[in-house]
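# one predicted model, sequence on top.
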Amino acid sequence: MRHIGSRCRETRHVINIQHEDPLKLIQSLGDGYGADLVVDCTGVSKALRQSLELVRPNGRITKIGWGPQPLDFSLDPLVAKAVTLQGSFSHTYPTWERALGLLSTGQVNLGPVIGGMYPLDDWHEAFARMEEGQNVKSVLVV
């Protein structure tokens, strides 16, 4: 899931790429040049490549997700669009405080992200489901 901000309106969109084409949505907003900011929280190389397609010239990509995949594509679009690519270590107190605030006000729906809730004793199954791609996130319950 990536958060994509749009320069044209004071709105924000969260896109489920399983059901929506993010490039079509971004092109339909504003001047069609792309998003000012794309935040990649997936840790998947393919998502960074898509972020380069979605971001506007002189836009910004913030990469939060960690991933084991090597980049299998050129970063030339980054240079051609003069895009700023920044990493962000998300595990800081202010970040968690903000995230918890968004969750507590209902501004973020975790339903599509949480694939299952498992008793602590079933931790192995929970992790296996995530590794298999069946769950984005598994929750362990004590």
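Good, I have the coordinates.

# ok now the longest helix along the chain, how far from the chain's centre?
The residue-count maximum for a helix in the chain (DSSP state H) belongs to helix 93-104. Mean-position distance between helix 93-104 and its chain equals 16 Å (Cα atoms, centre = their mean, to the nearest Å).

# what residues does that helix touch?
With contact meaning Cβ atoms under 8 Å, 6 or more residues apart in numbering, helix 93-104 is reached by 108, 110. The C-beta positions use only the backbone N, C-alpha and C, and glycine is treated the same way.

# so R49 lies in a helix, does it not?
Yes - the assignment for R49 by DSSP: H, G, I helix; E, B strand; the rest coil puts it in a helix.

# if we can go back for a sec, tell me the mean pLDDT for the longest helix of the chain?
Helix 93-104 shows a mean pLDDT of 87.

# paired strands for whichever helix or strand comes after it, with orientation please.
Once the chain leaves helix 93-104, the next helix or strand it forms, by DSSP states H and E, is strand 114-119. Partners of strand 114-119 in the sheet, by DSSP bridges, are strand 137-141 (parallel).

# mind listing what's buried along the strand it pairs with?
Within strand 137-141, the residues scored as buried using 16 or more other Cβ atoms under 10 Å are S138.

# now do that strand, average pLDDT.
On average, strand 137-141 scores 91.

# assumed T42 was part of a strand.
No - T42: not assigned to a strand; according to three-state DSSP it is coil.

# parallel or antiparallel, which strands does the longest strand seen in the chain pair with?
Of all the elements of type strand in the chain, the one with the most residues (DSSP state E) is strand 55-63. Paired with strand 55-63 in the same sheet, following DSSP bridges, are strand 35-40 (parallel), strand 84-87 (parallel).
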